[in-house]
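Engineer: for reference, the sequence and a predicted model appear below.
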Amino acid sequence: MDYLAEHKNILEQAVQNKLPKQIDSKSEVSVDIVRDLIEDGYLKAVDVSSFSGIGYLEPRITILGREYLNQLNERAFNSSTVGKLHKVSIRLLDWAGGILAGILIAIIVAKLI
């Protein structure tokens, strides 16, 4: 199981206010991952855990959770084909810019001499 993808999915649902009002072992959303996100400060919720199991009410995303979601989205983009092409194109532009700068400096120096 890709836990980071599940983290991303739960945080995206939280941003859109689409998480269930109550999360427990019977929920479609993994209560264990929600617990991890709450413990790390990415989500806030009312803890209604008891001897019968773990449960949370009214989960919502925190600012720290939004920042973590941005990091997960950036990771996903960088590992995608488009992200890799973007990285390569930036390197090519840097390379071309370096050559162009060298040519311009050579022209300016030749005119000054």
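Structural biologist: Received the coordinates, thanks.

Engineer: name the single longest helix found in the protein.
Structural biologist: helix 81-112 (DSSP state H).

Engineer: the residue most central in space within the chain sits in which helix or strand?
Structural biologist: By CA atoms, centre = their mean, the mean C-alpha position of the chain lies nearest to residue 72, the distance being 2.0 Å. Per DSSP states H and E, residue 72 falls inside helix 63-79.

Engineer: same deal with residue 56?
Structural biologist: strand 55-61.

Engineer: list the contacts of that strand.
Structural biologist: Contact with strand 55-61 is made by 11, 14-15, 17, 19, 21-25, 31, 34-35, 38, 42-49, 69, as judged by CB atoms under 8 Å, 6 or more residues apart in numbering. Quick note: C-beta positions are derived from backbone N, CA and C, even for glycine.

Engineer: now do that strand against helix 63-79, angle only.
Structural biologist: Angle between the axes of strand 55-61 and helix 63-79 is 70 degrees (criterion: axes from the mean of the first three to the mean of the last three CA atoms, to 10 degrees).

Engineer: what about dumping the CA coordinates of strand 55-61 to PDB?
Structural biologist: Only the C-alpha atoms of strand 55-61 are listed here, as PDB (Å, rounded to 0.1, in the frame of the first residue of the first chain):
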ATOM      1  CA  GLY A  55     -12.700   7.200  16.400                       C
ATOM      2  CA  TYR A  56     -12.700  10.900  15.400                       C
ATOM      3  CA  LEU A  57     -15.400  13.500  14.900                       C
ATOM      4  CA  GLU A  58     -15.300  16.600  12.600                       C
ATOM      5  CA  PRO A  59     -11.800  16.100  11.100                       C
ATOM      6  CA  ARG A  60     -10.400  19.200   9.500                       C
ATOM      7  CA  ILE A  61      -7.000  20.100   7.900                       C
END
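
Engineer: point out where the chain drops to low pLDDT.
Structural biologist: 1-3 (pLDDT under 70).

Engineer: do that again at 80, thanks
Structural biologist: 1-3, 80, 83, 113 (pLDDT under 80).

Engineer: ok, and the closest non-adjacent residue to residue 27?
Structural biologist: residue 20 (5.6 Å; CB to CB, 6 or more residues apart in numbering).
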